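[1] Following is a predicted model, sequence given first.
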Amino acid sequence: MINIYEVAETNKMITEENLDVRTITLGISLLDCIDSDLRKLKDNIYEKIYDAAKDLVRTGEEISREFGIPIVNKRISVTPIALIGGAACKSPEDFASVAETLERALSTVVGHPVKCTGAGRTDAGVHAETYVANFHTDSRIPLDRLPLAVNTRLPHDIVVVRAAQVSDHFNAIGSCLKKEYTYRIYNSRLGNPFYVDRAWFYPKHLDEEIMARAAAQFVGTHDFRAVRSVGTETKTTVRTVYWFDVERQADLIQCRVCANGFLYNMVRAMVGTIVYAAEGKLAPEDIPSILASGNRTLAGPTVPPGGLYMTKLWYKEDL
């Protein structure tokens, strides 16, 4: 573990020899980072400071008080960081959100409590081929080494691919311009063990052309109350869907939907509705009136979570 506290710009005489301490850095790299003039201090103060730093629990102020070294003009640089990665599903029994899991791992790596903001809800069983989370830190761990350090403390089904410095105002949720989710249906008479909890097994044949016609009815700006589950309150239930495409590749049907935001279980309810259309339980042309009604019971069911993936995220910042 590397736990770094930096006290900069002290510019204060600390001994009768008029030694000027500019930086005291506590952590594994202390020997390389500390001002070389400290080596001239009498009474082995340098060695004492190093010994105190090795336990990785003391701040610059505590060492200053203990050894009588005045420190003024303290400045701690806090850097906003975005992590980009992916996550497979977790079982409901031991599920914790991706953001919460990242917080625990990051706190261990950077040596201070971390509050992580994730790109969206990741309910039990839902996957993320792309996921972004941001946090602030004063750690000096290089960005290219941070993913490896964090991954050693994450479960095997969550991986950080890269880290990037972002602006102070960046927010993984609020700064996201649009998102794409993909829902996968394994449509075959016989199941496939490799798609268990990775796609919804649906043995009855589905007509993907009818599904595509139904999906097209959702495109545009609408009130999507009829395809949301009660769970979170929002200021508005109006969203803009940019595309909702349905494509079959052999026995795998992929339903890709992109919007400027999603309501709770919105994608899964939309997929359930176009499956109802393929079954003949409603016509694709019924969907505009279902949306206008705002009545959840008129739309299709909320399909299982295992087939849902967050697949793309768009930001102004280059991540």
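    It's in. Numbering: from 1, shown residues only.
[2] okay, and for the chain, where does confidence drop off?
    Low-confidence segments of the chain, defined by pLDDT under 70: 1-79, 82-84, 88-96, 121-123, 231.
[3] What ranges does it have for its helices?
    In the chain, the helices defined using DSSP state H lie at 30-33, 45-54, 60-67, 98-110, 146-151, 208-216, 266-279, 287-293.
[4] residues touching the residue nearest to Thr273 when sequence neighbours are not counted, list them.
    Nearest residue to Thr273, sequence neighbours excluded (CB to CB, 6 or more residues apart in numbering): Gly300, at 3.6 Å. Heads up, the C-betas are built off the backbone N, CA and C, glycines and all. With contact taken as CB atoms under 8 Å, 6 or more residues apart in numbering, Gly300 is in contact with 269, 271-277, 281-282.
[5] rerun at 6 Å
    By CB atoms under 6 Å, 6 or more residues apart in numbering, Gly300 lies in contact with 272-273, 275-276.
[6] Next one: Val114 from Phe135, what distance?
    Going from Val114 to Phe135 by CB to CB, to the nearest Å gives 5 Å.
[7] likewise Val196?
    From Val196 to Phe135 the distance is 34 Å (CB to CB).
[8] And these two? Which one has more around it.
    More crowded of Val196 and Phe135, by other CB atoms under 10 Å: Phe135, with 21 against 11.
[9] Correct me if wrong: that one contacts Gly118.
    No - the pair Phe135 / Gly118 is not scored as a contact, 10.0 Å apart, by CB atoms under 6 Å.
[10] Looks like Val238 contacts Asp223 (just checking).
    Yes - in this structure, Val238 is within contact of Asp223 by CB under 6 Å, at 5.2 Å.
[11] Quick one: end-to-end distance for stretch 306-319.
    Terminal residues of stretch 306-319 lie 27 Å apart, using CA to CA, to the nearest Å.
[12] Can you show me the strands along this protein?
    5-13, 20-26, 79-87, 117-118, 127-137, 158-165, 176-186, 200-201, 220-223, 238-249, 252-259, 308-315 (DSSP state E).
[13] Can you mark which positions in the fifth one are buried?
    By neighbour count, and taking 16 or more other CB atoms under 10 Å as the criterion, the buried residues in strand 127-137 are 127-128, 130-135, 137.
[14] how close does the residue nearest to Thr273 get to Ala216?
    Separation of Gly300 from Ala216 (CB to CB): 16 Å.
[15] again, but for Asn265
    From Asn265 over to Ala216 the distance is 21 Å, taken as CB to CB.
[16] Between the two, which has more neighbouring residues?
    Taking other CB under 10 Å, Asn265 and Ala216 do not tie; Asn265 has more neighbours (22 against 17).
[17] how deep is the closest residue to the more buried one other than its chain neighbours tucked in, by neighbour count?
    Distance criterion CB to CB, 6+ apart; nearest residue to Asn265, sequence neighbours excluded, is Ser229 at 3.9 Å. By other CB under 10 Å, 13 other residues sit near Ser229.
[18] I figured Ser229 was touching Met266, is that so?
    No - under the criterion of CB under 6 Å, Ser229 makes no contact with Met266, lying 8.3 Å away.
[19] just the buried residues of strand 127-137 now: which is nearest Glu209?
    His127 (26.8 Å; CB to CB).
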